[in-house]
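S.K.: model this:
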Amino acid sequence: MKNKKSLSKGHIAIISVAILLTVGVIGGGIYTVIQRQMAKRPRFIQVAKGENLDIPFADLTSEINFFPVMYDGTDMGVITVKDDLGNVRTAFDACQTCYDKGNGYYEYEDGVLVCQACGNTFELSDVGKKSKDECVPFPITDIARFDNMDMIIISGDALEAGRWLFQDWDKYGK
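M.R.: Residues are numbered from 1 along each chain as shown. You can find the predicted model right below:
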């Protein structure tokens, strides 16, 4: 008959503690990664399907303004800027040529907008201009934008029409 070695209660306790510590460290690491990812995500303006996006003029500046929008469950971005005459230009935060690459969005660096997919730069005065086969933000036309007394209103129809640009968009992580 073979002599079976059994673990003592002390060994079992040590192994149990080691397992619990390992699980705790892994769980803590996962929690930290999730928290960091969530911290990168800004507060999105929630807009239900068919509703308008209202942006107060007080929130607009002559510098670039990025508005993260959650439209009917889709992460989207809107860019606005006031020109020298006080006119408001609006565009989606999606490049007309790079939108489907996931990083076809813009960052503001040294006074210009930079496409994060191809690196092309352009002036703020180009926001809202329609262009064919050029790396600029996809404009939100004047037909879909209404200037009221103290608000810029982007229609739900305009948001719905631009939704396709954001299928692969990953500016703030999913």
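S.K.: pairing partners for residue 137 in the sheet, please.
M.R.: Beta-bridge partners recorded for residue 137 (DSSP bridges): residue 95.
S.K.: that one and residue 127 touch, don't they?
M.R.: Yes. Applying C-beta atoms under 8 Å as the test, residue 137 and residue 127 come out as touching, 6.1 Å apart. The C-beta positions use only the backbone N, C-alpha and C, and glycine is treated the same way.
S.K.: so what sits against both of the two?
M.R.: 79, 91, 113 (C-beta atoms under 8 Å, 6 or more residues apart in numbering).
S.K.: from residue 25, how far off is the second one?
M.R.: The reference is to residue 91. 46 Å (C-beta to C-beta, to the nearest Å).
S.K.: between these two, point out the one with more neighbours.
M.R.: residue 91 (26 against 10; other C-beta atoms under 10 Å).
S.K.: surely that one meets residue 130?
M.R.: No. Using C-beta under 8 Å as the test, residue 91 is too far from residue 130 to be in contact (9.6 Å).
S.K.: now tell me which helix or strand of the chain has the poorest mean pLDDT.
M.R.: strand 145-147 (a mean of 62; mean pLDDT, DSSP states H and E).
S.K.: chain center to the very next helix or strand once past that one: distance?
M.R.: Next along the chain after strand 145-147, taking DSSP states H and E as the criterion, comes strand 151-154. Chain-centre distance of strand 151-154: 20 Å, with C-alpha atoms, centre = their mean, to the nearest Å.
S.K.: and the next helix or strand after strand 151-154, what does it pack onto?
M.R.: Sequence-wise, the next helix or strand downstream of strand 151-154 (DSSP H and E) is helix 156-162. Contacts defined by 3 or more C-beta pairs under 8 Å, 6 or more residues apart in numbering; DSSP states H and E place helix 156-162 against strand 65-71.
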